[in-house]
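S.K.: All I have is the shape, not the residue letters:
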C-alpha cells in the first residue's frame, strides 16, 4: 500500500491497515509531513508522529518533480492500494490521477480522502476536519444549549473519515479479489461526519425538528445525565430503563419515587426530566465521590466517573486488556501507544515499529521494490528527487 | 430482492444480526448498504429502537432509517426452540454480528464455540461495552458510559465547565464502524484461508483509539489533556466567532497562507508585520490576542458581509450547520447525500447516503425498515428449511412472529 497523505485522515486510514499487516509505504516530502511539527515533543521528537507513523516504511520523494512522479508510477505497479488526501485535482495535475494509474495497474484501488469529495460545488475547498465537521452538522450538536458550539479536543472527524476509508478499502479489495478490477473510493470528511447524524435527519425531514445541543444530558432519556459530587467529581448516571431506574432509586434510598406517577414510567420521566435530574443531583451533591460510588455499586447502578488520561493509565481494565502498549523506539527507548482495535482472534493487529525519521526507509524501499542501485540513488538524492535520513539504516527500520 | 444496479462489493455475503439499538445494528447496516444480505433477528415485541426518537404516523423514524436494507425476522432467543432456529440459520451465513452482554450468547448455546460447530468458518463480530474479557467485561455497555471511560467525554466541552456530549450516539457509531472494518478484515482472511474467527469490539476501546495524540504526551510528558472549548489547541487562528447577526462561524487561518488571506480579507495587512502574529509559533503564543482582533472584526459584520469578503479572499471558514442548513445546501444536493426512499408506511423519507463512495460498487438504499417479523416466514422456510406446519406451530407457541399470515 502506498500512502500519499499528510497530517491525519489519510495517514490514519493507512495506519489502521498497517496495524493488521499491510505493508504501508508512506511517501513524505523532504521537509517531512506537517504532523511532525504538531503536538508535543519529547527529546525533540514529535510524539504524535511517532504514533501515527508506526508500522509504516518511511520514504521521501518529491511529488512535484516529473522524476518523483515517475518513481510513484513505478511503485504503483507493485501495490494494491494507494491512499491520498490531497485537494481534488492535485494528483491529476501530477499525472497521478485514477486514469493514469489504473492504466499502469488495472487492479489498483485509489482511496481518496478530501474535505468535500471529488465532485460538487465545494470540492475545491481545503479540507480541514474542524471546518468540515461544522458543515457535517456534528459541531452544532456539541456543547451546552446556552453556549456556543464546543468540540471534543481530538481530531474527531479526521479519525471517523480515516476509519470509513479503511472500511471502503477492504470492500474494494474484496471486489478486486473476485473480479480483478480496481476502483476509486471517494471519502469526504463532511459526509463521514454527517452519516452519524442519521437519527436527526429523518426527524427533521418528517417533523421539522431541528436538533440542538443538550449539554451533558439526553432529552429523550431520563435519568441519563452528569452529576457533581460534593468534592467536585463528575459522575454520569444512566438509569433510564425500568430496571436500572429502580436500582438507582434504591441506591438513593428513595423507593417512594418508584410510586410517584411523575417518574414511574419512561415517558413520564422524560416529561419531568429536569425535576428528576434535580432529585438525583441533590443526592449526589450531598456526598463525596467515594460514598456515591459505594452506594451506586452496591445496587449495580450503571454509572461512571469521567476518566482523564491519568485515570486511564492506572485503570485495571485497560491494563487487563493491554490497551496501552509499550513500543520500542530507537530515539526514546519506548513509547506508549493505543493497541490496535478491534481485536481479531485469529489475526489480531500488532505494533511492529514506532514512527521514525523522515526518509528512514527510502534506500531500502527503492532498492527492494524498484531495484534502484546505489549509484542511481545518489543521483536522485543529488537532484533533490528523494532524500534519506542522515543516519539511515540501509536495511530500513521496518522490523521483520 | 430486486436490485436495480450493478454488482455490489458484498454480493454473496450473508449476515445474521443478533443485536439491539445502535452499535451492532449500525455495523450490519453498513454491510447491508454495500450489498450484504442482512437478516436482523428481533425479539417478538421488536427492537427497543422502534420506541426511540421521533415518530411519524406511529412509526419510529430512526428505526425506518437504521433498519434499511435489512430482512427482519422475529425469533425468541430466550427459548431453546428459538436458539435452535438461530443455529440452523448460522449454517447458511458468513457473518454473525451481536451486541449482547458478554456471556449471554454462551448461556443460550450460541457462543463462538457453539456456532463454530455448526459453521466452522463463521466470522463472529462481537460488540460490547468493555470487551469479552477483563474485569469490567460483565458490565452493561452503554455508549455514553463507555465514552466517559474512554477519556473522550472529558475532552468534550469548555474548560472549567462540566463535560458535554455530542448530541448523537457518537461512540456507538464509531464502534459499529470499527466492527464493520473488522468484519471485512476477517472475511478477507477467511476468503484466503477458509478459517473463521471472532472479532472482539469494545465501545470504550474504539472511542479511546481516537485519543492517540494525548496518549503519547501523557506517557512521555505527564500532560493530562484538557478540553479546549471551540478552539484547537496549538493552532491560531482556529476558533469560533460570532457575527453581528448572531451566526457562529469557524475560521481556520493558522498556516502562513491561510493567515495572510484572513488578515487581507479583514483589511488588516499590518498584522503580517506584527511580531506577535507573524509566525505560527508566535500566533499560538498570542492566540487570545489575535482571536480578539478577529472577533472584533467579525462581530461588527453580518454573516452576509463576512461571507462576501471571505469568499473573495479564499479564507477557510464555515458557518455551523444545523440539520435545516444541511437540507438546503447545494453541495449536499449535488453529491446526492440525501436520497429520498419510498416507503409503504410513511410515503417516503430522506436518509443519509452510504459513505464512502465506491466508484464501481457504490452503496445503495434499497428500502427502509419494515414491520416486525415481515421476513420471518420466507427466511425460516427458505434458509432454516422449516415446513409450513412447523412454522405454524412455532408461531402459535410464540417462538417466532410473522407479520402477515398467509
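M.R.: Done, it's in. What you are looking at is a predicted structure, and each value in this text was computed from that prediction instead of being measured.
S.K.: Which elements pack onto the helix ranked longest in chain B?
M.R.: Ranked by number of residues, the top helix in chain B under DSSP state H is helix B:170-193. With contacts taken as 3 or more C-beta pairs under 8 Å, 6 or more residues apart in numbering or on different chains; DSSP states H and E, helix B:170-193 sits against helix A:156-179, strand A:343-344, helix B:23-33, strand B:95-98, strand B:123-128, helix B:143-150, strand B:197-202, helix B:203-208. All C-beta atoms are positioned from the backbone trio N, CA, C, and that covers glycine.
S.K.: now those as TSV including mean pLDDT and mean neighbour count?
M.R.: What follows is those, written out as TSV (pLDDT from 0 to 100; neighbours: other C-beta atoms under 10 Å in any protein chain shown):
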stretch	mean pLDDT	mean neighbour count
helix A:156-179	97	25
strand A:343-344	96	22
helix B:23-33	98	28
strand B:95-98	98	27
strand B:123-128	98	28
helix B:143-150	95	27
strand B:197-202	98	28
helix B:203-208	97	29
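S.K.: could those be laid out in TSV, adding distance to residue A:95?
M.R.: As requested, the helices and strands packed on helix B:170-193 are exported to TSV (distance: least, C-beta to C-beta, whole Å):
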stretch	distance to residue A:95
helix A:156-179	22
strand A:343-344	38
helix B:23-33	34
strand B:95-98	41
strand B:123-128	40
helix B:143-150	44
strand B:197-202	40
helix B:203-208	39
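S.K.: Specify the stretch among these that is closest to residue A:292.
M.R.: helix B:143-150 (14.5 Å; C-beta to C-beta).
S.K.: Residue B:112 touches residue B:120, doesn't it?
M.R.: No - contact between residue B:112 and residue B:120 fails when scored by C-beta atoms under 8 Å: they sit 11.4 Å apart.
S.K.: Pairing partners for residue A:60 in the sheet, please.
M.R.: Taking DSSP bridges as the rule, residue A:60 bridges to residue A:28, residue A:387.
S.K.: which residues does it contact?
M.R.: A:27-30, A:358-359, A:362, A:386-388 (C-beta atoms under 8 Å, 6 or more residues apart in numbering or on different chains).
S.K.: Compare residue B:112 and residue B:120 and say which is more crowded by neighbours.
M.R.: Neighbour count, other C-beta atoms under 10 Å in any protein chain shown: between residue B:112 and residue B:120, residue B:112 has more, with 19 against 10.
S.K.: mind listing what the more buried one touches?
M.R.: A:345, B:124, B:126, B:198.
S.K.: Buried residues, the longest helix of chain B. List them.
M.R.: Buried residues in helix B:170-193, counted by 16 or more other C-beta atoms under 10 Å in any protein chain shown: B:170-190.
S.K.: and stretch A:138-145, which residues are buried?
M.R.: Of the residues in stretch A:138-145, those buried (16+ other C-beta under 10 Å) are A:138-144.
S.K.: For the contacts of residue B:112, please prepare TSV with the additional fields distance to residue B:80.
M.R.: Putting those into TSV (distance: C-beta to C-beta, whole Å) gives the following:
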residue	distance to residue B:80
A:345	27
B:124	21
B:126	22
B:198	23
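S.K.: so which of the residues you listed comes closest to residue B:150?
M.R.: Nearest member of these to residue B:150, counting by C-beta to C-beta, is residue B:126, at 18.0 Å.
S.K.: in what helix or strand does the nearest residue to residue A:108 once chain neighbours are set aside lie?
M.R.: For residue A:108, ignoring the flanking residues on the chain, the nearest one in space by C-beta to C-beta, 6 or more residues apart in numbering or on different chains is residue A:182 at 4.3 Å. Assigned by DSSP states H and E, residue A:182 belongs to no helix or strand.
S.K.: what separates residue A:182 from residue A:251, distance-wise?
M.R.: From residue A:182 across to residue A:251, the span is 58 Å (C-beta to C-beta, to the nearest Å).
S.K.: of these two, who's got more company?
M.R.: Using other C-beta under 10 Å as the criterion, residue A:182 and residue A:251 rank with residue A:182 on top: 24 against 21.
S.K.: so who does that one touch?
M.R.: By C-beta under 8 Å, 6+ apart, the contact list for residue A:182 reads A:102, A:105-110, A:172, A:176.
S.K.: can you pull the contacts of residue B:368?
M.R.: Going by C-beta under 8 Å, 6+ apart, residue B:368 touches B:64-65, B:67-68, B:341, B:343, B:346, B:349, B:351.
S.K.: Which one of these is nearest to residue A:267?
M.R.: residue B:64 (20.6 Å).
S.K.: That closest one: neighbouring residues, count only.
M.R.: 25.
S.K.: tell me which element it falls in.
M.R.: Assigned by DSSP H and E, residue B:64 falls within helix B:61-66.
S.K.: what's in contact with that helix?
M.R.: The contact list for helix B:61-66, computed with C-beta under 8 Å, 6+ apart, reads A:198-199, A:201-203, A:205-207, B:22, B:25-26, B:29, B:47, B:49-50, B:52-55, B:343, B:345-346, B:349, B:351-352, B:368-369.
S.K.: Which SSE is immediately downstream of it?
M.R.: Once helix B:61-66 ends, the next helix or strand along the chain (criterion: DSSP H and E) is strand B:70-75.
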